[in-house]
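K.L.:
Model the structure of this input:
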Amino acid sequence: MPKRFCDWKQCEIAKSLMVFRDYVEPVNFIVPRKSSLFAADLYPATYAGAPALDGASWLSGENKEPVKKSMDPKKKDESVGGVKVISKAELLAENKALKAKIKALEAKLASK
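P.N.:
I've put the predicted structure just below:
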């Protein structure tokens, strides 16, 4: 499984799945550490899940290093596979706007 799914607070360095005949069991690989701080030596920059090239560039023979992102929670970059954290008020406002848009689109479909 991708390294970005590892829990750095537990010093988990890898996750895997053990497949049995009747079920699948997750297996966590943990490095014992006394500190619960981020361990940069265990978590180098990892693949961000974003393509480095578009299809046309790749087919033309261009090569590029993969897009990487830091595992450090203080350096999380939402533009490269990160998660944007928003407040409850922002989420409610976005939800209200989306519901209004859905209502308008449903009215447009009903008029056809």
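K.L.:
buried residues in stretch 31-43?
P.N.:
Using 16 or more other C-beta atoms under 10 Å as the test for burial, stretch 31-43 gives Phe38, Tyr43. All C-beta atoms are positioned from the backbone trio N, CA, C, and that covers glycine.
K.L.:
Contacts only, for Lys74.
P.N.:
Phe38 (C-beta atoms under 8 Å, 6 or more residues apart in numbering).
K.L.:
So which residues of the protein form helices?
P.N.:
Ranges of helices within the chain are 55-59, 88-110, based on DSSP state H.
K.L.:
show me where pLDDT drops low in this structure?
P.N.:
Applying pLDDT under 70 to the chain picks out residues 1, 4, 76-84.
K.L.:
Next, format the helices of the chain as JSON lines and append distance to Lys75 and mean neighbour count.
P.N.:
Shown next, in JSON lines, are these (distance: least, C-beta to C-beta, whole Å; neighbours: other C-beta atoms under 10 Å):
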{"stretch": "helix 55-59", "distance to Lys75": "28", "mean neighbour count": "10"}
{"stretch": "helix 88-110", "distance to Lys75": "23", "mean neighbour count": "10"}
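K.L.:
Tell me which of those helices lies nearest to Phe38.
P.N.:
helix 88-110 (27.3 Å; C-beta to C-beta).
K.L.:
got a list of contacts for that closest one?
P.N.:
By C-beta under 8 Å, 6+ apart, the list of residues contacting helix 88-110 from outside reads Ile86.
K.L.:
export it as CSV, just CAs?
P.N.:
Taking Å, rounded to 0.1, in the frame of the first residue of the first chain, the C-alpha atoms of helix 88-110 are listed here in CSV:
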residue,chain,number,x,y,z
LYS,A,88,-17.7,23.8,9.6
ALA,A,89,-19.1,27.2,8.5
GLU,A,90,-17.4,27.0,5.1
LEU,A,91,-18.6,23.5,4.6
LEU,A,92,-22.2,24.4,5.4
ALA,A,93,-22.0,27.4,3.0
GLU,A,94,-20.6,25.2,0.3
ASN,A,95,-23.3,22.6,0.9
LYS,A,96,-26.0,25.3,0.7
ALA,A,97,-24.6,26.6,-2.6
LEU,A,98,-24.5,23.1,-4.0
LYS,A,99,-28.1,22.3,-3.0
ALA,A,100,-29.2,25.6,-4.7
LYS,A,101,-27.3,24.5,-7.9
ILE,A,102,-28.9,21.1,-7.8
LYS,A,103,-32.4,22.7,-7.4
ALA,A,104,-31.7,24.9,-10.4
LEU,A,105,-30.5,22.0,-12.6
GLU,A,106,-33.5,19.9,-11.6
ALA,A,107,-35.8,22.8,-12.5
LYS,A,108,-34.0,23.1,-15.9
LEU,A,109,-34.5,19.4,-16.5
ALA,A,110,-38.2,19.5,-15.6
